[in-house]
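J.: Mind folding the following:
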Amino acid sequence: MFTRKDMIKLLAPLIVEQVLAVLVGMVDVMMVAAVGEAAVSGVSLVDSISILIIQILAALATGGAVISAQYLGKKQSENACKAAGQLIGVTTVLSLLVSMVALIGNRFLLGAIFGKVDADVMKDAVIYFQITALSYPFLAVYNSCAALFRSMGNSKVSMMVSLVMNTVNIVGNAICVFGLHMGVTGVAYPTLLSRMLAALMMFYLIQNPQNTVRIKRLDELKPDIKMIRNILLVGIPNGLESGMFQFGKIALQSLVSSLGTAAIASYAVASNLVTLLYLPGNAIGLGLITIVGQCIGAGEKKQAKRYTRQLVFLNYGVLLVLCTAMIAFSGQLVSIYHLSKEASEISTQMIVAHSYAMIIWPLSFTIPYTLRASMDAKFTMFVSVFSMWLFRIAFAYFFVKILNVGVMGVWYGMFIDWFFRGVVFAFRFHGIEKRAVSV
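T.: Below is the predicted model:
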């Protein structure tokens with residue numbers, strides 16, 4: 001169903017888009033680092049909450065993309081368009097509610113989650129959270145439309161809009177931080193502006209009559225219970241999985257925050273840099289939603305399995321190059337952030353250990369995209385939540401609190417979690433032809 005040219009056309013823009021998103025995140029951290037370690041720590045605390053919200057919204061968008069892709073595989077474009085309207089409506093309403101909670105509970109939420117942190121860190125975190133919380137509804141619209149474009153095999157549109165969004169963000173950061181000396185607000189306001197612009201652009205583009213999947217009329221946003229149910233069958237387990245995963249990371253962030261500012265800053269920088277290693281797998285996973293979704297919709301389960309194997313092997317090939325480079329240049333990369341000597345040394349150690357452990361990652365995080373696209377999202381949710389809390393969280397606290405190995409203990413718990421997931425998901429994927437279902 002998909003030629004090599006089709007797959008390159010789908011995956012190449014996704015990789016570029018992923019790179020842009022991560023690079024902007026890195027630039028944000030570097031620019032905030034110019035303000036001070038307290039600012040870096042404050043932003044990293046808020047980002048751990050923001051990522052939770054973003055991942056839940058993206059997970060719902062994935063649910064809509066799976067349903068849309070399967071309808072396209074069945075050659076039912078009308079239903080695919082109907083799914084598009086329902087997806088945008090649901091994610092917009094949810095994101096508005098989340099923004100209200102974030103704005104009202106700002107300082108209380110930060111204090112409840114992270115406990116006592118330095119006053120300067122909390123001050124910057126409150127400011128950053130208040131401004132960026134306004135962007136959640138716009139980000140929901142952007143993510144939903146991007147997922148719909150991907151479901152029809154057109155990832156170039158979201159790449160181009162992402163390029164505009166991230167350019168606005170970076171230029172805004174440079175002006176506000178270095179030109180106007182606005183500190184943390186100089187990073188927050190450009191983020192808000194860029195997401196507003198991206199949402200408006202995407203909502204306009206999704207209405208193009210040339211799109212196979214599009215919003216034809218605004219009344220398509222009115223709730224359709226049956227269609228919403230189909231979307232939520234994938235979106236809710238996926239959202240719960242992403243949400244619980246990020247809740248776990250927030251719990252770990254709270255653990256790290258108890259180790260002092262140097263630990264918080266080193267963890268933030270290491271976490272920021274190693275996201276580069278996730279880019280190929282994340283892009284391939286998004287591509288698999290389209291490829292596997294359309295294959296399952298068309299009844300081509302063997303093709304879905306074959307494409308997954310090919311792309312996982314591709315992921316390993318790219319990781320070999322990236323991890324080797326990350327290990328070789330870890331010290332130089334960390335030095336960009338101008339951390340203290342202690343924080344720099346810890347961050348470098350974390351990056352090297354993480355790079356070696358990436359040999360497990362594709363089995364743990366790329367293969368589940370195929371399972372979700374074949375309507376097996378409940379299984380991935382149960383396994384991920386179980387593994388996250390039993391292995392990653394429990395072992396992290398064991399290593400940090402009992403064995404006193406410091407912030408590296410968080411990494412060790414994560415590696416154990418990865419290994420368990422990889423084994424379980426590899427076995428589940430082996431029997432995908434028996435379990436895969438279509439809408």
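J.: Now I8: which helix or strand?
T.: Assigned by DSSP states H and E, I8 belongs to helix 4-33.
J.: tell me which strands and helices the next helix or strand after that helix is in contact with?
T.: Sequence-wise, the next helix or strand downstream of helix 4-33 (DSSP H and E) is helix 37-73. For helix 37-73, the packing partners by 3 or more C-beta pairs under 8 Å, 6 or more residues apart in numbering; DSSP states H and E come out as helix 4-33, helix 77-114, helix 119-132, helix 136-151, helix 225-257, helix 261-297, helix 367-373. Just so you know, the C-beta spots here come from the backbone N, C-alpha and C atoms, and that holds for glycine as well.
J.: Could you list every helix and strand that the helix holding I8 packs against?
T.: helix 37-73, helix 156-173, helix 185-205, helix 261-297, helix 301-328.
J.: Compare the helices and strands packed on helix 37-73 and give me the one nearest M408.
T.: helix 261-297 (9.7 Å; C-beta to C-beta).
J.: Please determine how far the closest residue to D6 other than its chain neighbours is located from I236.
T.: Excluding its sequence neighbours, the residue lying closest to D6 (C-beta to C-beta, 6 or more residues apart in numbering) is G153, at 6.8 Å. For G153, the distance to I236 equals 26 Å [C-beta to C-beta, to the nearest Å].
J.: for V164, same thing?
T.: In terms of C-beta to C-beta, V164 sits 32 Å off from I236.
J.: Tell me which of the two has more neighbours.
T.: I236 (19 against 13; other C-beta atoms under 10 Å).
J.: For the more buried one, report the pLDDT, please.
T.: pLDDT, I236: 78.
J.: The one 10 residues further on too?
T.: pLDDT for Q246: 73.
J.: Hmm, it is touching D47, no?
T.: No - with contact defined as C-beta atoms under 8 Å, Q246 does not reach D47; the gap is 10.6 Å.
J.: one step back: wait, which of the helices and strands packed on helix 4-33 is closest to Q18?
T.: Between Q18 and the helices and strands packed on helix 4-33, the tightest spacing by C-beta to C-beta is seen for helix 261-297, at 4.4 Å.
J.: got the helices and strands packed on helix 4-33 as a markdown table, with distance to I127 and mean pLDDT columns?
T.: Converted to a markdown table, the helices and strands packed on helix 4-33 look like this (distance: least, C-beta to C-beta, whole Å; pLDDT from 0 to 100):
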| stretch | distance to I127 | mean pLDDT |
| --- | --- | --- |
| helix 37-73 | 8 | 80 |
| helix 156-173 | 15 | 89 |
| helix 185-205 | 6 | 92 |
| helix 261-297 | 17 | 86 |
| helix 301-328 | 32 | 92 |
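J.: Need these in a markdown table (columns: distance to K9).
T.: Converted to a markdown table, the helices and strands packed on helix 4-33 look like this (distance: least, C-beta to C-beta, whole Å):
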| stretch | distance to K9 |
| --- | --- |
| helix 37-73 | 15 |
| helix 156-173 | 8 |
| helix 185-205 | 18 |
| helix 261-297 | 10 |
| helix 301-328 | 14 |
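J.: between the ones you listed, which gets nearest to G179?
T.: Nearest of those (C-beta to C-beta): helix 185-205, 8.6 Å.
J.: now the closest one and helix 136-151, what's the angle there?
T.: Inter-element angle recorded for helix 185-205 and helix 136-151: 50 degrees (by axes from the mean of the first three to the mean of the last three C-alpha atoms, to 10 degrees).
J.: What angle do helix 156-173 and helix 185-205 make with each other?
T.: 160 degrees.
J.: residues in contact with helix 185-205?
T.: Applying C-beta atoms under 8 Å, 6 or more residues apart in numbering, the external contacts of helix 185-205 come out as 28, 31-32, 43, 88, 127-128, 131-132, 134-135, 137-142, 145-146, 149, 157-158, 161-162, 164-166, 168-173, 175-177, 180, 182, 215.
J.: Buried subset of the residues you listed, written for PyMOL?
T.: Selection of buried members from the contacts of helix 185-205 for PyMOL, criterion 16 or more other C-beta atoms under 10 Å:
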select buried, resi 28+31+32+43+88+127+128+131+132+134+135+137+138+139+140+141+142+145+146+149+157+158+161+162+165+166+168+169+170+172+173+176+177+182+215
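J.: so how far is A59 from the residue nearest to S330 when sequence neighbours are not counted?
T.: The shortest distance from S330 to any non-neighbouring residue, by C-beta to C-beta, 6+ apart, is to I351 (4.4 Å). Distance of I351 to A59, computed by C-beta to C-beta: 28 Å.
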